[in-house]
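Participant: below: sequence and its predicted model.
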6 protein chains.
Amino acid sequence: MSTIHPPHDREADPRVKAVFDDIRSTRKADFINNMWHYLAFDPALLEKTWADVKAIMATPSALDPLTKEMLYIAVSVTNGCGYCAHSHTAAARAKGMTDAQHADLLSVISLAARTNQLATGLQVPVDPAFDADRRS
Amino acid sequence: MSTIHPPHDREADPRVKAVFDDIRSTRKADFINNMWHYLAFDPALLEKTWADVKAIMATPSALDPLTKEMLYIAVSVTNGCGYCAHSHTAAARAKGMTDAQHADLLSVISLAARTNQLATGLQVPVDPAFDADRRS
Amino acid sequence: MSTIHPPHDREADPRVKAVFDDIRSTRKADFINNMWHYLAFDPALLEKTWADVKAIMATPSALDPLTKEMLYIAVSVTNGCGYCAHSHTAAARAKGMTDAQHADLLSVISLAARTNQLATGLQVPVDPAFDADRRS
Amino acid sequence: MSTIHPPHDREADPRVKAVFDDIRSTRKADFINNMWHYLAFDPALLEKTWADVKAIMATPSALDPLTKEMLYIAVSVTNGCGYCAHSHTAAARAKGMTDAQHADLLSVISLAARTNQLATGLQVPVDPAFDADRRS
Amino acid sequence: MSTIHPPHDREADPRVKAVFDDIRSTRKADFINNMWHYLAFDPALLEKTWADVKAIMATPSALDPLTKEMLYIAVSVTNGCGYCAHSHTAAARAKGMTDAQHADLLSVISLAARTNQLATGLQVPVDPAFDADRRS
Amino acid sequence: MSTIHPPHDREADPRVKAVFDDIRSTRKADFINNMWHYLAFDPALLEKTWADVKAIMATPSALDPLTKEMLYIAVSVTNGCGYCAHSHTAAARAKGMTDAQHADLLSVISLAARTNQLATGLQVPVDPAFDADRRS
């Protein structure tokens, strides 16, 4: 079940094909997951989304690739995105996440959700010491 | 502004004092942030919350302390918890998060929120390849 | 799978039948989607919900019907409501939403989610110029 | 700070005055909280919102008034609505919520948030036994 | 579909078996729902989660068991957790929730979501009267 | 209060200055709101964010500028982003949103939040008729 019907012969569109080729080449794998097949209904949106994902997730930066996947999982789970929880957990495992790291990840994100509720429920005032604007 | 009024002479309660002493000792600092002052309205809830935070965030585990703080930020920001965004960003900085890592963290969590919306908007079906139950 | 079991012979209840008849008449269609079948477990809740939806979505107002459907999608996707994403995307298409508008809708709501995370992550202070209370 | 500027002489509008009078009479108190002052920018929206709140929260029903306020708090905190956390905690206290009940409420809603993350993170399949549609 | 594969012979692990036995004994039922089967991939996380759930949900406290289940539902629905909506609705029914209470619960949590949006959309300032810190 | 301290002499950095100049030129206004001042702590993140906002919000597309602002508000309010509710309501007003349209917008997004809760609370199964994958 989905809200759009992806085009049947997607790679006949040269813009779609170019993105799919770059996904395969970047990931060094033939498999293209459903997200990209469905985004292909609008080649411009497909191009833009892949460009973003590639620039942030597949390019060396200040955080290592596995940390970035785990952050992605944290946001996806908090947003209740089932597809994203599945795809990024698979990606984190492919990047080496162990069962112990997975359990630790789930412990931290569920603890954070728990204390978020407490801070919001109590409407705790922000400590002046936390205000970065005070620094100079 | 808050929804409860913390007790005036909080540390007169030996259960509150014991938790506050353990926070100071664990963190090697005198400062106790507002979250704990407000939770002191119910010593049992204070004890339970600190026990959880200490066990997960202040105990060596499969993920390093800074990664855990950044995951905490990812959840807190996604849940829109202002107090938590402040307190855990301060904690991450205290654990060595650089400006470059902070910017990278914000890039990843905002990208995740963006593609979460796309996957949910399209209701992309989960790829069978992502189903861990299929593994054996 | 659902959390309640809708009554078998729903339209035998005259309150349910009256609502279903009004849905068919308002929408000029025989089809009644599952939302209403399941709400029929409580006729008062069914009546109240349909009255609200009819008053806001099926009555001429300051915004045109397609814009209202797209706003509905924006909220539903942000809340992660799969049923609602499906039903309101179908409704928007029935009201003329094109593929290009659909792609534009997804671009805007995913951009908004992205910058929401940035503003919340940075805890950007509200500009005094945005405060409507200052106007007089 | 707010996004609209409420009309200066609100009760000069007879529709606004009628709602405000009914709020005072229903609550047996002169105080009218900001929510209603700001909603007064659109008398129809004010009328509709108060009618809903009165019908559900100020009318005897299957759940007692304090339970309904606590459910309201649970939703408001989960949605991160600071205004609502404040106003409904005050309302719950006015209806007799004790400190012990408040602490229990916070324990339950923070536990729920914690296990929500675990179930979503693991994408636990729904047990067939939970499917009400199977009942007949 | 799930993101982890639970161990095949789960109860061969004495820590898992001890938790499962305690669940059966506490609930006076043989049935163990999927949440616990999947959490069994990490015995420490399983133990911790069950200890929390038992301490808060299966221990007499200031709120009665049915109220606590309904609060759990309110949070789970607001977070969009399908598994949790299913499991806690089944639990509430087992604890005696009637159809009328169920409908009332849904009325309150959907009203709360509606007025949360209004308060956040208007950015209504918190009334000083709601500030518990002002009390002394 | 914020979680980062924006650089004092921001426009001394040519990358920041180029973005600020483009914002002023695109919006035909001198005023630059806080979001951009705070993002200036990381020029690459500032450039990327402005490029996205400009491409989607300030470029003619399938939806008109006011509709796009209202969609932005719908997402921002649902996510509980106070800064974003303020900035995009101001932007929508600058693009001509009337009080009647504002009230209509709030009616639709609060109705959507209400029925989202009902659909999620009932776990209503998606009607096969809504499945776009069935179309061919």
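Facilitator: Everything's here; your move.

Participant: give the contact list for A:Ala92.
Facilitator: With contact taken as Cβ atoms under 8 Å, 6 or more residues apart in numbering or on different chains, A:Ala92 is in contact with A:Leu66, A:Glu69, A:Met70, A:Ile73, A:His102. (Glycine included, C-beta is placed from N, CA and C.)

Participant: my guess is the second one meets A:Ala85, correct?
Facilitator: No - with contact defined as Cβ atoms under 8 Å, A:Glu69 and A:Ala85 do not form a contacting pair (11.7 Å).

Participant: count the neighbours of A:Asp21 for me.
Facilitator: 12 (other Cβ atoms under 10 Å in any protein chain shown).

Participant: give me the pLDDT for it.
Facilitator: On pLDDT, A:Asp21 comes in at 98.

Participant: do you know how far A:Ala100 is from E:Phe41?
Facilitator: According to Cβ to Cβ, to the nearest Å, A:Ala100 stands 10 Å off from E:Phe41.

Participant: ugh, wrong one, A:Asp22
Facilitator: From A:Asp22 across to E:Phe41, the span is 35 Å (Cβ to Cβ).

Participant: mind listing what's buried in the longest helix belonging to chain A?
Facilitator: Determined from DSSP state H, the single longest helix within chain A is helix A:99-122. By 16 or more other Cβ atoms under 10 Å in any protein chain shown, the buried positions in helix A:99-122 come out as A:101-122.

Participant: which non-adjacent residue is nearest A:Met70?
Facilitator: Closest residue to A:Met70 apart from its sequence neighbours, by Cβ to Cβ, 6 or more residues apart in numbering or on different chains: A:Leu105 at 5.3 Å.

Participant: around chain F, which positions in chain A sit nearby?
Facilitator: Within chain A, the positions adjacent to chain F are A:1-5, A:8, A:48, A:126, A:130-133, A:135-136 by Cβ under 8 Å from any Cβ of the partner chain.

Participant: list the contacts of the nearest residue to A:Phe130 once chain neighbours are set aside.
Facilitator: Closest residue to A:Phe130 apart from its sequence neighbours, by Cβ to Cβ, 6+ apart: B:His86 at 4.1 Å. Contact analysis of B:His86 by Cβ under 8 Å, 6+ apart lists A:Val126, A:Asp127, A:Phe130, A:Asp131, C:Gln123, F:Met1, F:Thr3.

Participant: OK, contacts around the last one?
Facilitator: Read it as F:Thr3. F:Thr3 touches A:Phe130, A:Ala132, B:Ala85, B:His86, B:Thr89, B:Ala90, C:Gly121, C:Leu122, C:Gln123, counting by Cβ under 8 Å, 6+ apart.

Participant: equivalent analysis for the second one, please.
Facilitator: The contact partners of A:Asp127, taken as Cβ under 8 Å, 6+ apart, are B:Asn33, B:Asn34, B:His86, B:Ser87.

Participant: closest one of the contacts of F:Thr3 to D:Val77?
Facilitator: Closest approach to D:Val77 among the contacts of F:Thr3 (Cβ to Cβ): B:Ala85, at 16.0 Å.

Participant: domain assignment for chain A?
Facilitator: The record, using automatic domain parsing to delimit domains, assigns chain A the ranges A:10-59, A:62-123.

Participant: out of these, deepest packed?
Facilitator: domain A:62-123 (a mean of 24; mean count of other Cβ atoms under 10 Å in any protein chain shown).

Participant: what mean pLDDT does it get?
Facilitator: Domain A:62-123 shows an average pLDDT of 98 in the prediction.

Participant: and it, how far out from the chain middle?
Facilitator: Taking the mean of its C-alpha atoms, domain A:62-123 sits 10 Å from the chain's own mean (Cα atoms, centre = their mean, to the nearest Å).

Participant: for stretch A:50-61, same thing?
Facilitator: Computed by Cα atoms, centre = their mean, the chain-centroid distance of stretch A:50-61 equals 11 Å.

Participant: name the residues that touch that stretch?
Facilitator: The contact list for stretch A:50-61, computed with Cβ under 8 Å, 6+ apart, reads A:19, A:22-23, A:26-27, A:36, A:39, A:65, A:68-69, A:72, B:100, B:104, B:107-108, B:111, B:114-115.

Participant: okay, and the most centrally placed residue in chain A sits in which element?
Facilitator: Centroid check for chain A by Cα atoms, centre = their mean gives A:Tyr72 as the closest residue, at 4.0 Å. Using DSSP states H and E, A:Tyr72 falls within helix A:65-78.

Participant: check A:Glu47 too.
Facilitator: Counting by DSSP H and E, A:Glu47 is found in helix A:43-57.

Participant: how big is the angle separating that helix from helix A:65-78?
Facilitator: Helix A:43-57 and helix A:65-78 are oriented at 120 degrees to each other (axes from the mean of the first three to the mean of the last three Cα atoms, to 10 degrees).

Participant: got the angle for helix A:43-57 vs helix B:99-122?
Facilitator: In terms of direction (the same axes, to 10 degrees), helix A:43-57 departs from helix B:99-122 by 150 degrees.

Participant: pLDDT averaged over helix A:43-57, what's the number?
Facilitator: Confidence over helix A:43-57 (mean pLDDT, whole number) is 98.

Participant: got the contact list for the residue nearest to A:Ile23 when sequence neighbours are not counted?
Facilitator: Excluding its sequence neighbours, the residue lying closest to A:Ile23 (Cβ to Cβ, 6+ apart) is A:Ile32, at 5.7 Å. By Cβ under 8 Å, 6+ apart, A:Ile32 lies in contact with A:Phe20, A:Ile23, A:Arg24.
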